[in-house]
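Engineer: Build the 3D model from these lines:
(chains A and B, ligands or ions: 2)
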Amino acid sequence: MIRIRNLTKKFADLYAVKNLNMDIRAGEIFGFIGPNGAGKTTSIRMLATLLEPDEGTAWIDGNCIQTQQEEVRRKIGYMPDYFGVYEGVTVWEYLDFFARAYKVSPKERNKIIDGCMELTDFTRLSSKLVSTLSKGMQQRLCLAKTLLHDPKVLILDEPASGLDPRARIEIRTLLKELSNMGKTIFLSSHILTELADVVDSIGIIEKGSIIVQGNLEEISKAISSSASSFAIIISLFQGQKIEQAKGLLENLPDVIKSEIKGDRLEIQYSGKEEEIYQIVKHLVNNDIPVTAMSREEKNLEDIFMQVTKGEVS
Amino acid sequence: MDKEKIITTMDSWINPIWLLELRTTLRSGRFFAAFAFSLFLCVAAIIFALLILASEYRITPDQIGKGIFSTFFFLEFFVLCVFFPAFTCTGIISEKERKTFDLLITSDLRPSRIVSGKFLAAYTYGFLFIIASMPLVMVAFLFGGISVLIVVVSYGILLVLGMLFILYSLWSSTYYKSTIRAIIGSYSMVLTYSFFLSFPVIGFMMDYLYGKQVLKFFSKPFNINQVMVILIPILIIISLGILPYLLTINSLKPPHANRSTSLKIFYASSIIVILSLFCFWGISYLHSPGAYYVQRESYTLFITATSVIAVILLVGSVGLPLQTKVPGIAYVPKQGKFPTLPWLFAPGALNSAVYMGVLSLLCYSIIFLACSLTGFQSPGWFRQESFIIISLIFWIFLLFISLSSGYFCLRCKTEKTKWTATLALVIILVVIIPLLVPFSMIIDNGFQASLWNFSYLSPILCVISCVMQDDTITKMNFNLFSFIPIYYIGILIYSLASFFMYKEIIPLHKEALKRVKDKKESLKLLQEAKTE
Ligand SMILES: Nc1ncnc2c1ncn2[C@@H]1O[C@H](COP(=O)(O)OP(=O)(O)OP(=O)(O)O)[C@@H](O)[C@H]1O
Ligand SMILES: [Mg+2]
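Structural biologist: Ligands and ions are numbered 1, 2, ... in the order given. From the prediction side, this is the model:
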């Protein structure tokens, strides 16, 4: 559905986006993740035909973003990261304006606007002035606006930024619903965990280049298997004998580091997985009251921290 | 046709931007305040005029009516200059500052529809302002001295001027990068325009109210001059209006898509200008012997038309090639649509300049030929071949300017440098050199003066010396060799300069072409890879 080849954009001497290559299948939700200044907005603006790439190009549903702009604009619903609203118009009039701008036929226009308002929960607010809506509501309104012309592809730049936790969950369910309706969704975010349960695949970008890309599970598996060590947390009954346990563990060859955290002991273990039980055995043999032991699972946040270096280009 | 179809068609005529602007602006208190203020101004001015006129001794009701009407008219002219730009000068820049522009431009609205929506909205408010004052002016009818015709014509003038002002403000709102600058820019543009336009307008009013020369001219049995005198201002106004309109649309398009519009701008304005020149020719050669003032007017119109050409051609050939990275690509006409003659491959708007030059030269040659064949005499201050020489001067000058702007285009790194370089060149040639002339004449009042003052480099001086054939000053003092008129020297020097510039550009241009070709090819390869 979206096919990006060698997309490059330079601002003066700085490569904001460099040789971006991506394929996004129809009906997929794709999360585009990266730290501040990574080049997400720049790539998205190029996809939305607002910026001209310096090199390379992309196709959306077979239409080139450079040579077939009008077709591309008709195919996509674009929501920018920052946007303003017109003063003095109501929610309904705002949507009516965009419906007209997208040439929705007059017969269906009212029905479509009502449908979009229902989907985004605006039915009761239809006669409220747009400028009096809160930031989160405006964001939802903008999302409603992108749906008016029934685009095949939604391109959303940080749709969840500035939303409260409830609204975030709501927007996630909305995205899922839209995806079930067969739309391809391309969205960006700084925060990987925020997207974890909606996206099908992700691409992590830093300093203009893609670092990791693919299916979410594959990525996390690949990263954790390649990791040379993992964290193990050992809980002791009321923290008894914790100092002794620490001393014991530090003598084991595969334990790199151990740390006391309250009544728990956190260690970095670099040995083989099948030999973890040796740790417990060692502790129990020395009469340490172990109540629980757990492997710290790699979560998305860690993946993100691990692959990105936090340098701003 | 069934009802639904009609409704659908009518609905599609409604410009969404127009609707939105009306919804937002007509609700605002600011609009209402401005509206009330302008009406209040009208009422106050008419009362004031009445008081002053009534205090005069021995005044006929006739004159009171005329006085009131002219006061009102100038007031409306003032309202036009003050309020019309205010509606539009923030039109597009405010969308950008409010961050609503991206949403607008990614919607399915074409740039032309956006511009016409903005224009229509502003024109609607302006129309309300102008029309609302109509009942007030009817007071003048109580005293007499004016007719329905003059009211209709003066409202027509106001509405046309309003259109021009709105178009220029709209252009300024896309050209400048901040609201404040857009406001300053559009007001200075509109004030300059209204300054120049106010002379003919005031002249027309005064003539109608007191002298009635124009009326007499038009009340004669139908003749071609009447049509010409009306047609030329209309053509000039259209060409003045088309330019900002197309430029505004152009600036809303992505760089690679604005080629066709630039070409359109160029061809549209050059055709209009050629037409108006033809009309001028019609007046000066076909005029009836009795109407002397028509001749005089046609001379003024000729000067106006020539300056309009100069401005339009300068914008066309200087401004536009600077907007594209590889001008040669941007201006080579498509095969099939235009003839791709060997000279249609140089950079910049050169193709257009050449096209334009050849066209005007052709026109003038036809005129010249027709005149010499039919034995027409020119009306005195003009020789027939001056037309050809003037068009040659313009043509060769534009060729040079467009070549050099093309050169700057290929050589300079940033847009700003290109603009500065080209503008500096134009200013030196068009403004500075004529200014230098009087000085150098004082310095050494003799033979070598022309070596010092370079007057032959200034197209304007060349034109002047060509028009004023008998003037001894232009013939003697500006001249290196008194028997060669300076315009021939000017033409020769510019041809040589253009030739060398052209040689300089060719390799640069080929390089640029290659770059673009590489890019296109890589795009094609990618496209092929995609289809596989
Ligand atoms: N118009 C511009 N002119 C110059 N540099 C720019 C411009 N727009 C973006 N950049 C630069 O390009 C880089 C990428 O910016 P971009 O806005 O794409 O980042 P982002 O990933 O969207 O960041 P954020 O998470 O903060 O939104 C940044 O270093 C930025 O400084
Ligand atoms: Mg961003």
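Engineer: What are the buried residues along the helix ranked longest in chain A?
Structural biologist: For chain A, the helix with the greatest residue count under DSSP state H is helix A:165-180. Going by neighbour count (16 or more other C-beta atoms under 10 Å in any protein chain shown), the buried part of helix A:165-180 is A:Ala167, A:Arg168, A:Glu170, A:Ile171, A:Arg172, A:Leu174, A:Leu175, A:Leu178, A:Ser179. Just so you know, the C-beta spots here come from the backbone N, C-alpha and C atoms, and that holds for glycine as well.
Engineer: which of the residues you listed are close to chain B?
Structural biologist: Among those, not one lies near chain B by C-beta under 8 Å from any C-beta of the partner chain.
Engineer: Using JSON lines, lay out the residues you listed together with pLDDT and distance to A:Phe30.
Structural biologist: JSON lines is the format used below for the buried residues of helix A:165-180 (pLDDT from 0 to 100; distance: C-beta to C-beta, whole Å):
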{"residue": "A:Ala167", "pLDDT": "83", "distance to A:Phe30": "22"}
{"residue": "A:Arg168", "pLDDT": "85", "distance to A:Phe30": "18"}
{"residue": "A:Glu170", "pLDDT": "85", "distance to A:Phe30": "20"}
{"residue": "A:Ile171", "pLDDT": "86", "distance to A:Phe30": "16"}
{"residue": "A:Arg172", "pLDDT": "87", "distance to A:Phe30": "15"}
{"residue": "A:Leu174", "pLDDT": "87", "distance to A:Phe30": "16"}
{"residue": "A:Leu175", "pLDDT": "89", "distance to A:Phe30": "11"}
{"residue": "A:Leu178", "pLDDT": "89", "distance to A:Phe30": "13"}
{"residue": "A:Ser179", "pLDDT": "90", "distance to A:Phe30": "10"}
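Engineer: can you redo those as JSON lines with distance to A:Met293?
Structural biologist: Converted to JSON lines, the buried residues of helix A:165-180 look like this (distance: C-beta to C-beta, whole Å):
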{"residue": "A:Ala167", "distance to A:Met293": "39"}
{"residue": "A:Arg168", "distance to A:Met293": "34"}
{"residue": "A:Glu170", "distance to A:Met293": "38"}
{"residue": "A:Ile171", "distance to A:Met293": "38"}
{"residue": "A:Arg172", "distance to A:Met293": "34"}
{"residue": "A:Leu174", "distance to A:Met293": "41"}
{"residue": "A:Leu175", "distance to A:Met293": "38"}
{"residue": "A:Leu178", "distance to A:Met293": "43"}
{"residue": "A:Ser179", "distance to A:Met293": "39"}
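Engineer: Can you narrow these down to the ones near ligand 2?
Structural biologist: With C-beta under 5 Å from the ion as the criterion, the buried residues of helix A:165-180 include none near ligand 2.
Engineer: Farthest-apart pair in those residues, please.
Structural biologist: Farthest pair in the buried residues of helix A:165-180 (C-beta to C-beta) is A:Ala167 and A:Ser179. Separation: 18.4 Å.
Engineer: Count the neighbours of A:Gly136 for me.
Structural biologist: The tally of other residues near A:Gly136 (other C-beta atoms under 10 Å in any protein chain shown) stands at 18.
Engineer: oh sorry, the question was meant for A:Ala48
Structural biologist: 24.
Engineer: If we ignore the residues flanking it in sequence, what's nearest it?
Structural biologist: Spatially, and ignoring its direct neighbours in sequence, A:Ala48 is nearest to A:Tyr78 (4.3 Å; C-beta to C-beta, 6 or more residues apart in numbering or on different chains).
Engineer: what bridges to the one you found?
Structural biologist: Using DSSP bridges, the bridge partners assigned to A:Tyr78 are A:Ile155.
Engineer: same deal with A:Thr8?
Structural biologist: With DSSP bridges as the rule, A:Thr8 is bridged to A:Glu55.
Engineer: That one and A:Ile44, how far apart?
Structural biologist: 15 Å (C-beta to C-beta, to the nearest Å).
Engineer: Which one's more surrounded, those two?
Structural biologist: The neighbour count for A:Thr8 versus A:Ile44, taken as other C-beta under 10 Å, is higher for A:Ile44 (24 against 17).
Engineer: And the pLDDT at the more buried one?
Structural biologist: pLDDT recorded at A:Ile44 is 93.
Engineer: roughly how far is the longest helix of chain A from the heart of the chain?
Structural biologist: With C-alpha atoms, centre = their mean, to the nearest Å as the basis, helix A:165-180 stands 13 Å off its chain's centre.
Engineer: anything in the helix or strand just after it near ligand 1?
Structural biologist: Next helix or strand after helix A:165-180 toward the C-terminus (DSSP states H and E): strand A:184-189. No: Strand A:184-189 stays out of contact with ligand 1 when judged by C-beta under 6 Å from any ligand atom, the minimum separation being 6.9 Å.
Engineer: and strand A:184-189 with helix A:165-180, angle?
Structural biologist: Relative orientation of strand A:184-189 and helix A:165-180, computed by axes from the mean of the first three to the mean of the last three C-alpha atoms, to 10 degrees: 150 degrees.
Engineer: Show residues contacting strand A:184-189.
Structural biologist: The contact list for strand A:184-189, computed with C-beta atoms under 8 Å, 6 or more residues apart in numbering or on different chains, reads A:1-2, A:24-34, A:40-41, A:44, A:47, A:81, A:152-161, A:175, A:178-179, A:195, A:199.
Engineer: CA-only coordinates of that strand in CSV, if you can.
Structural biologist: Output of strand A:184-189 as CSV, limited to C-alpha atoms (Å, rounded to 0.1, in the frame of the first residue of the first chain):
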residue,chain,number,x,y,z
THR,A,184,-4.0,1.2,6.3
ILE,A,185,-2.7,3.4,9.1
PHE,A,186,0.7,4.9,9.3
LEU,A,187,1.3,6.7,12.6
SER,A,188,4.3,8.2,14.4
SER,A,189,5.1,8.4,18.0
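Engineer: Is there proximity between that strand and ligand 2?
Structural biologist: No: shown here: strand A:184-189 not in contact with ligand 2 (C-beta under 5 Å from the ion), separated by at least 6.8 Å.
Engineer: Contacts only, for B:Tyr174.
Structural biologist: Slight slip there: residue B:174 is Thr, not Tyr. By C-beta under 8 Å, 6+ apart, the contact list for B:Thr174 reads B:Gly91, B:Ile92, B:Ile93, B:Leu247, B:Thr248, B:Ser251, B:Leu252.
Engineer: Find the nearest non-adjacent residue to A:Ile2, please.
Structural biologist: A:Ile24 (4.2 Å).
Engineer: A:Gly214 versus the one you found, what's the distance?
Structural biologist: When C-beta to C-beta is the yardstick, A:Ile24 and A:Gly214 sit 12 Å from each other.
Engineer: Could you report the neighbour count for residue 237?
Structural biologist: You didn't say which chain, so I picked chain A. Counted with other C-beta under 10 Å, the neighbours of A:Phe237 add up to 12.
Engineer: wrong one, I was asking about chain B
Structural biologist: Number of residues near B:Ile237 (other C-beta under 10 Å) recorded here: 17.
Engineer: Mind pulling up the pLDDT for it?
Structural biologist: You'll see B:Ile237 listed with a pLDDT of 72.
Engineer: can you tell me the helix or strand for the closest residue to it other than its chain neighbours?
Structural biologist: Closest residue in space to B:Ile237, ignoring its immediate chain neighbours: B:Val160 at 6.1 Å, by C-beta to C-beta, 6+ apart. Here B:Val160 sits within helix B:148-175, counting by DSSP H and E.
Engineer: Counting neighbours, which bits of that helix end up buried?
Structural biologist: B:150-151, B:154-155, B:157-158, B:160-175.
Engineer: tell me the mean pLDDT for that helix?
Structural biologist: pLDDT averaged over helix B:148-175 gives 87.
Engineer: got the residue ranges for the helices in the stretch 51-200 of chain A?
Structural biologist: In the stretch 51-200 of chain A, the helices defined using DSSP state H, counting those that start in this stretch lie at A:69-75, A:91-101, A:106-119, A:135-147, A:165-180, A:192-195.
Engineer: Now A:Gln66: closest residue in space, sequence neighbours ignored.
Structural biologist: Sequence neighbours aside, A:Thr57 is the residue nearest to A:Gln66 in space, at 5.2 Å (criterion: C-beta to C-beta, 6+ apart).
Engineer: Many thanks, I have nothing further to ask.
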